[in-house]
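K.L.:
got a predicted model here, sequence first, then my questions.
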Amino acid sequence: MNPGRGTVHERAATLPLDQQTASGRVVARQESPTERKQPGKSTATSLLRLLYWIYERRLLHQLKQRPTPRHVGIILDGNRRHAAKRGVSDPCEIYQSGAEKLDEILDWCSELRIPAVTLWVFSTENLKRSQAEISGILSAIEAKVAALAHDPFMHQKRIRIQAIGRLELLPESVVAAIRAAETATAQYNLMTLTIAVRYGGREEISDAVRSFLKTQAREGASLSDAIERITPEAIA
């Protein structure tokens with residue numbers, strides 16, 4: 001089971017808010033005045049988690065009062081900026097941290113009964129980055145997809161995994177992890193998690209035009225006729 005999932009489920013298993021508050025008051029009375037004035041790091045972390053849990057519950061409650069989207073698309077961005085603020089420089093650690101956030105996203109979407117989630121995780125523009133960054137991104141994708149394939153949450157919530165993009169250009173180990181996850185979850189239908197990898201706007205346009213011209217050629221159209229027939233609707 002993937003380590004990032006634990007934090008979310010620990011929150012789900014906590015006491016109701018009124019019991020948590022009462023418990024917190026009992027603990028506070030048992031501490032010495034010095035301890036109350038100078039809370040330790042663990043106390044501050046626990047308080048932060050409680051406040052985040054309250055915020056998360058309130059946000060989900062508000063969302064449930066409104067029309068629920070049928071499809072949520074997310075571009076995973078900002079990993080490097082987030083890491084820079086925290087002094088993290090290892091590319092693998094940077095992107096692994098971002099990948100772990102997916103656990104909470106899936107929890108939220110599952111609770112809201114959103115049937116489709118698409119993640120854009122690695123575009124062809126990313127190929128312009130350093131080899132270390134590219135390796136960090138691909139390593140995080142491979143590890144996360146492999147973990148999701150065996151995550152009990154995915155099977156309990158019946159979430160199907162599928163990938164789109166030019167997978168043939170990815171390393172074999174990444175493709176193997178993706179195919180294994182697709183096979184392990186192929187029978188599920190409550191939510192579809194689509195992972196877009198090695199995608200790009202220019203590539204999609206050129207692929208669509210190339211496919212259209214090949215179709216026209218098979219139908220006997222001349223090159224000039226085929227070019228005249230290129231419209232937004234024809235290559236959609």
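P.N.:
The structure has been received and is ready for your questions. Residues are numbered from 1 along each chain as shown.
K.L.:
all contacts plus neighbour counts: C-alpha atoms, from now on.
P.N.:
Will do.
K.L.:
how far does the longest helix along the chain sit from its chain's centre?
P.N.:
Longest helix of the chain, by residue count under DSSP state H: helix 41-64. From the chain centre to the centre of helix 41-64 is a distance of 20 Å (C-alpha atoms, centre = their mean, to the nearest Å).
K.L.:
repeat for stretch 151-161
P.N.:
For stretch 151-161, the distance to the chain centre is 14 Å (C-alpha atoms, centre = their mean).
K.L.:
next structured bit after the longest helix of the chain?
P.N.:
Counting by DSSP states H and E, the next helix or strand C-terminal to helix 41-64 is strand 71-75.
K.L.:
just give me the neighbour total for the nearest residue to residue 184 once chain neighbours are set aside.
P.N.:
Once flanking residues are discounted, residue 184 sits nearest to residue 149: 6.1 Å by C-alpha to C-alpha, 6 or more residues apart in numbering. For residue 149, the count of nearby residues is 25 (other C-alpha atoms under 10 Å).
K.L.:
mind listing what residue 149 touches?
P.N.:
Listed by C-alpha atoms under 8 Å, 6 or more residues apart in numbering, the contact partners of residue 149 are 180-182, 184-185.
K.L.:
which among the residues you listed gets closest to residue 223?
P.N.:
residue 182 (39.4 Å; C-alpha to C-alpha).
K.L.:
for residue 68, see how far away that closest one is.
P.N.:
Distance of residue 182 to residue 68, given as C-alpha to C-alpha, to the nearest Å: 26 Å.
K.L.:
by contact count, what packs against the longest helix of the chain?
P.N.:
Packed against helix 41-64, as judged by 3 or more C-alpha pairs under 8 Å, 6 or more residues apart in numbering; DSSP states H and E, are no other helices or strands.
K.L.:
fine, thanks again, bye for now.
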